[in-house]
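Engineer: need a 3D model of the following:
(2 chains)
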There are 2 protein chains.
Amino acid sequence: MRFRVDILGIESGGKPIVFLNKHDADEIGVTASGRVRIGLNKKEITAIVNISTTSVNAGIVGVNEEVKKKLILRQNSVVDVDIATFPKSLQFIHHKLMGKRLLYNEILEIVKDVVEGNLNEGEIAAFVTALNMQGLDLDEALSLSSSMVVTGKRLNLRKKIIADKHSIGGVPGDKTTLLVVPIVAAAGVTIPKASSRAITSAAGTADRAEAIMPVNLGIEEMESIVKKCNGCIVWGGSLELAPADDIFVKTEYSLYIDPLLLPSIMSKKKAVGATHLVIDIPTGRGAKMKTINEADLLAKDLIELGRKLGIHTQCVVTHGEMPVGYTLGASLEAREALSVLMNKVNVPDLVDKACHLAGSIFEMVGKDNGYHFAREILRTGKAEKKMREIISLQGGNPRIGLDDFQIGGEVKEVRSKKSGLVLWMDNNLLVEIARAAGSPKDKGAGIVLYKKQDDKVRTGDLLFTVYAEKSRKLSRVEDLLSEVEPIGVGERREMFIHKIKESPVVKRAFVIDR
Amino acid sequence: MRFRVDILGIESGGKPIVFLNKHDADEIGVTASGRVRIGLNKKEITAIVNISTTSVNAGIVGVNEEVKKKLILRQNSVVDVDIATFPKSLQFIHHKLMGKRLLYNEILEIVKDVVEGNLNEGEIAAFVTALNMQGLDLDEALSLSSSMVVTGKRLNLRKKIIADKHSIGGVPGDKTTLLVVPIVAAAGVTIPKASSRAITSAAGTADRAEAIMPVNLGIEEMESIVKKCNGCIVWGGSLELAPADDIFVKTEYSLYIDPLLLPSIMSKKKAVGATHLVIDIPTGRGAKMKTINEADLLAKDLIELGRKLGIHTQCVVTHGEMPVGYTLGASLEAREALSVLMNKVNVPDLVDKACHLAGSIFEMVGKDNGYHFAREILRTGKAEKKMREIISLQGGNPRIGLDDFQIGGEVKEVRSKKSGLVLWMDNNLLVEIARAAGSPKDKGAGIVLYKKQDDKVRTGDLLFTVYAEKSRKLSRVEDLLSEVEPIGVGERREMFIHKIKESPVVKRAFVIDR
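Structural biologist: Numbers count the residues shown, from 1 in each chain, chains lettered A, B, ... in the order given. Have a look, this model is predicted:
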C-alpha cells in the first residue's frame, strides 16, 4: 500500500520504527510490534510497527529518524508499506525456546536480524532468556562470538602478536588497565585496548581513561595510534566491534542475567585481532565470581573458547573482596593510576595486580620472569613515558600532572566509631555510595579510602571521604550513610551475619560491565 | 528533576512512555527502556523511557497520550521526573529465569505491573519465555489465573448456575458457539459468552457474531442482556476481563509459544462467574492438539485447574482434521450458522458437535440425555428464536435473513483434476487461502467447501470457491493456489508424504486464538 510520510523527529536508539493508523495496519494485516517492509524506489527496509488509533491519520506513515535516514525520506515522501514475512531468525529463536541447540548459520541469522533491527525488544529478550535458562554450549558460544564479529567492524593491524587484557569485572576501583597497557606497550608488545563504560559500577576503564584523554575514537584512529606506539585505551562503544552485544546487554541488564558473557568478551577480542589474551577474574564476596571454584570453571570455558577462536588465552584469578587501590570514581581513579605510573605513591595491591597481568602477557609471548619484567618497566618510568605517548596520540595533554584532575568540591568525611581492625569492606555498598555521589555521570565524584582490610583503626580515624560535584547528590550520600555501614571495624569477626524474620527482599547487586 | 512537557501525540497501546534527551537521562541516571516516575502535584506514575540524542531538547520531557491522559497534562506543563526504582516484580521474573517456582503474591505483583505498564516489552517476553521453557505447575497456573482475574473487570450476574463454553481452537470454520449459546440459553441456562477475534485463524467467534450483530459491548451492557435472555455472544476484548492476557498474547504470538493457555482460558471464565464449563479440544493433524493423548493430558490440567478455581469443568475431545461445516470466513460462517438455526440446511458435523457440547452442559447442570435435549431445542426452532432475541438485545436486526450477509464479489472456483475420494483436507492451507483472500479483516472474504473428507469426487467437480472483497487479494489467492493443494483427491492413500533434501525450513503453522 502507498503512504505519505510524516517525519516524527523521534529517535529510537538505532531501531527503525514506523507509526500506522489502526485501520491501515488492519488493512496491511500487521499488529503492534509486528514488522513491515517500507521502501521507495526499490530500496526497502524492515521496520517495527507502532499502532495509533488517533494520532496518525489514515494514509500516513509516521517514521522515526532511523527510517528517515536509511531511506533518505522527506516530509510527504511517498512510500510503499507492506507486511513483512516473519524473519527466518524468529523460527530459530523459537527452536531455542523449545530447547534445541542452534547451528552457526541459525545463530548468524539471529545476530544479523538483531543488528539490523528486524527483531523487536520482546523477541530479543526471549532469545537471551532462553540462552540463560538452557545454557549455551561451547559450540553455540563460538557461533555467537563469530556471528558478533562478522556483523561488526574489525581492527586490522597486520601484526603477528597482538596482546589484549580483559577483566570480568565486579571489583570497584579496578584501574589496573591504566597500568597494564603502558607496561605491555613499553616492552614493544602490541596491545590495542578497547574498554567499556560503567553500567552497574562506579566507573569503567573508558570512564577512567577519559579523565586523562579523549577515548571516543573511531576504528581507523585506533589503528593508526596503535601502529605508532603499540598501545591505546579507547572506548569500545564507539568502535562498533560487536554491535549485537550492545543490544543484548540492555536486555540482560534489566533482567539481571548475563548468558552472553563469554561471546561478549571473546567476540571483541577477536575483532581487534588479539592472539594472546589474559583475563582477570576477580573472585570473592562482592565480586562477580563468588567462589574460586566458580572462577576456575569460567576460566576453563574462556580458555577453551579462546582456543576455538585462535586466541591463546590465560586467566588470572584475583582477590575481589575489596576495592583495588584507594579510590573509586573516574577522576580519582585516573589520578591514582597516574601517580603510580609516576612512582609518586605506593599502592601495593594495584601494582601487584597490574604486574601479574602484564607479566602473564609477557610470559605468553615468550619472555621469562614476566612479573619482575613488568615491575622493572614500571619502576624505571618506561611505563609512564609510554602512557604520555598514548595520551598525546589520543589527543590529550601529555604533560598532565596530578593537580590537573577535577575532583568534586562537595565533601563528606566518614570516621570510625570503634577501634580495632578493618574486618570487611562491602564492595556493593561502596559502589552504591559512589553512584549516589554522582558516579559514573559526574567524573569528579567518588570515594577516597584511607583504610583497607586488616588495617588498624582507632576511634575517630578517617575511614573514607566521599566527593560529589553537586550538593544535591552529596545529600543523597548522607541519607544513605545514615542507613548503611560499608566498612566493618571490630576486634574480631562477629558470628552474626543477618536475621531473616520474613520473606526476604533480595537487593539488586548485579554486575554487568563490559 | 523539573521538566517542561511536550505532548507528542503518539499512542502506544496503553503503555505510558516518555522521551528524554540523552543528557537529561544520564543526569537522572536512567537508560533506554528504563523506568522513571513522572508526576505533578503528588499524582505520580511510572513510565518507560525512550532516549533521543537530538529530537528532544534538554529540560523537555516528551510524553505519549497514555501519560498525558493519566496525569492530565498540557503542552508546557511542569512535571518532576526522577529515576524509578526497579519494580519488585522484576526480581520475581529474575527468580523465574533462575528456575524458581513463584508464589501467588509474586505472580500477582508481576501481573499488576504488566497491566499498569511498569514492565517493558523485553521483561514481559522474558517472563513468558521462562514460563514456556520451565513449564508452570498447577499452583502457578492457579496464581496466574487468579491474578489475571483480580487485575481485570468481573461480570456480576448473581446466578447460582452460570454455564460457559470454550474451544482450544485450531480447527477452521468452527462456528459451533453460534449454535451452543442459543441452545443452552433457550433451555433457561445462563451462558454469558465472551469470544475472541482471529489472531492466526480466518475468523474468531467474535468476528463471526459481528457479521450478525454488534459485539463490542461493555461489561454493564453484557450483564443487562444476559439478565434478560440468559445469553449473549460478545467480544471479550472490549470487556477487560483479563487485560494482562491481552498483553501476554502479543508476545506469545510472535514467539509461537503459548505457555499461558490454561490461565488465559480459565481466568476469563472465572471473571464471568462461570460455575459449569465445557471445553472443546479439537484434535488431529492441522489442529492445535495433534494427538488424542496430548488432548487428554490438556483436559486433565483444565479440569484440575477448574476444580481449584471452583469451576466444574468437562472437556470434549473432537475431530479436528478438517473444517467444521462448509464455510470459512466471518460472514460465510455466520450465514451457515444462521441457516442451521433456521433448519434450512443440514450440516451434520456442525450440528453434531454443537449438540454434544450443549448436551454436556445440560448434563452437568442435571438434565438427562443432554445431546438429544439439545437437538430438540434446535429442531423445534427454540434455538433460532433465542438467537433472534440475543441479536435484538445486542443491537442487531432480529429479522436478519440469509440474504442479508455481504459476501465478497471476487470469486475463484477450484475444481478437482482427478476422480476418487477426498483423502485429506489441509486446515493450515485452507486458513492461509482464506487469509490471503482478506480474512479476518474483510468479513465478506472466505471459502465455501463443496466436498469434505471421504466424499466422492469426479474430475471437474467443484471442490471449493474462494470469495474476496478486493481483486488485489483474489490475485494473491490465485498465486497461492498455483503452488499448493489444500484438498487431496485420490483412489487410495498414497504412501509418500514428503522428501527432505536439505535442512528443512519449517513453515509457520501456529494457532493462538483466544
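Engineer: chain B contacts on the stretch 251-400 of chain A?
Structural biologist: Residues of the stretch 251-400 of chain A lying near chain B by C-beta under 8 Å from any C-beta of the partner chain: A:T251, A:Y253, A:S254, A:L255, A:Y256, A:I257. C-beta here means a position set from N, CA and C on the backbone, and glycine is covered the same way.
Engineer: quick one: secondary structure of A:S33?
Structural biologist: Assigned with DSSP: H, G, I helix; E, B strand; the rest coil, A:S33 falls in the coil class.
Engineer: farthest pair in the residues of the stretch 251-400 of chain A next to chain B?
Structural biologist: Farthest pair in these (C-beta to C-beta) is A:T251 and A:Y256. Separation: 10.8 Å.
Engineer: next one: phi and psi at the nearest residue to A:E252 once chain neighbours are set aside?
Structural biologist: Of all residues not flanking A:E252 in the chain, A:D258 sits nearest, at 5.4 Å (C-beta to C-beta, 6 or more residues apart in numbering or on different chains). Dihedral pair for A:D258: phi -150, psi 50, per degrees, to the nearest 10.
Engineer: A:D258: neighbouring residues, count only.
Structural biologist: Residues within reach of A:D258, counting by other C-beta atoms under 10 Å in any protein chain shown, total 20.
Engineer: swap in A:R2?
Structural biologist: Neighbour tally, A:R2, other C-beta under 10 Å: 9.
Engineer: dump the residue contacts of A:P192.
Structural biologist: Contact partners of A:P192, counting by C-beta atoms under 8 Å, 6 or more residues apart in numbering or on different chains, are A:L155, A:L157, A:I162, A:D164, A:M222, A:E223, A:V226, A:G231, A:C232, A:V272, A:G273.
Engineer: scan chain A for its longest strand.
Structural biologist: strand A:43-52 (DSSP state E).
Engineer: partner strands of it, parallel or antiparallel?
Structural biologist: strand A:17-21 (parallel), strand A:35-40 (antiparallel) (DSSP bridges).
Engineer: what's the offset of that strand from the middle of its chain?
Structural biologist: With C-alpha atoms, centre = their mean, to the nearest Å as the basis, strand A:43-52 stands 30 Å off its chain's centre.
Engineer: likewise for stretch A:243-257?
Structural biologist: The answer for stretch A:243-257 is 10 Å, by C-alpha atoms, centre = their mean.
Engineer: any regions of chain A where pLDDT drops low?
Structural biologist: Along chain A, the model assigns pLDDT under 70 to residues A:504-510, A:512-514.
Engineer: can I see the domain layout of it?
Structural biologist: Listed by automatic domain parsing, the domain ranges of chain A are A:2-83, A:88-135, A:163-237+A:267-402, A:407-490.
Engineer: picking up where we left off before, residues in contact with the longest strand of chain A: which ones?
Structural biologist: Counting by C-beta under 8 Å, 6+ apart, A:15-22, A:25, A:30-39, A:62-63, A:67, A:70-71, A:80, A:84, A:87, A:116-118, A:120, B:10-13 sit against strand A:43-52.
Engineer: just the buried residues of those residues.
Structural biologist: A:15-22, A:25, A:30-36, A:38-39, A:62-63, A:67, A:70-71, A:84, A:87, A:116-118, A:120, B:10-13 (16 or more other C-beta atoms under 10 Å in any protein chain shown).
Engineer: helix, strand, or coil at A:E333?
Structural biologist: On the three-state scheme (three-state DSSP), A:E333 is labelled helix.
Engineer: what helix or strand is A:I199 on?
Structural biologist: Of the helices and strands defined by DSSP states H and E, none includes A:I199.
Engineer: burial check on it, number of neighbours?
Structural biologist: 18.
Engineer: and if you look at A:R476?
Structural biologist: A:R476: 17 neighbours (other C-beta under 10 Å).
Engineer: mind checking if the host helix or strand of it is in reach of chain B?
Structural biologist: Assigned by DSSP H and E, A:R476 belongs to helix A:471-481. No - figure legend: helix A:471-481 not in contact with chain B (C-beta under 8 Å from any C-beta); closest approach 9.6 Å.
Engineer: hey, C-alpha coordinates of that helix in CSV?
Structural biologist: Presented in CSV, the C-alpha positions along helix A:471-481 are these (Å, rounded to 0.1, in the frame of the first residue of the first chain):
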residue,chain,number,x,y,z
SER,A,471,25.3,19.2,46.9
ARG,A,472,22.0,17.5,46.0
LYS,A,473,23.9,14.4,45.3
LEU,A,474,26.0,14.7,48.5
SER,A,475,22.8,14.8,50.5
ARG,A,476,21.8,11.5,48.9
VAL,A,477,25.1,10.1,50.1
GLU,A,478,24.4,11.4,53.6
ASP,A,479,21.0,9.8,53.7
LEU,A,480,22.5,6.6,52.5
LEU,A,481,25.3,6.7,55.1
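Engineer: list the strands paired with the helix or strand that that helix is followed by, with their directions.
Structural biologist: Per DSSP H and E, the first helix or strand lying C-terminal to helix A:471-481 is strand A:487-490. Sheet pairing for strand A:487-490, assigned by DSSP bridges, gives strand A:420-425 (antiparallel).
Engineer: ok so, going back, just the CA coordinates for the longest strand of chain A, please, in PDB.
Structural biologist: This file holds the C-alpha atoms of strand A:43-52, laid out as PDB (Å, rounded to 0.1, in the frame of the first residue of the first chain):
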ATOM      1  CA  LYS A  43      15.300   0.500  -1.600                       C
ATOM      2  CA  GLU A  44      13.500  -1.300   1.200                       C
ATOM      3  CA  ILE A  45      14.000  -1.800   4.900                       C
ATOM      4  CA  THR A  46      12.200  -3.700   7.600                       C
ATOM      5  CA  ALA A  47      10.700  -1.600  10.400                       C
ATOM      6  CA  ILE A  48       8.800  -2.400  13.700                       C
ATOM      7  CA  VAL A  49       5.200  -1.200  13.800                       C
ATOM      8  CA  ASN A  50       3.700   1.000  16.400                       C
ATOM      9  CA  ILE A  51      -0.100   1.500  16.100                       C
ATOM     10  CA  SER A  52      -2.100   4.600  16.800                       C
END
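Engineer: list the buried ones in it?
Structural biologist: Counting neighbours by 16+ other C-beta under 10 Å, one finds that the buried residues in strand A:43-52 are A:E44, A:I45, A:T46, A:A47, A:I48, A:V49, A:N50, A:I51, A:S52.
Engineer: now swap in stretch A:326-340 and tell me
Structural biologist: Under 16+ other C-beta under 10 Å, the buried positions of stretch A:326-340 are A:326-340.
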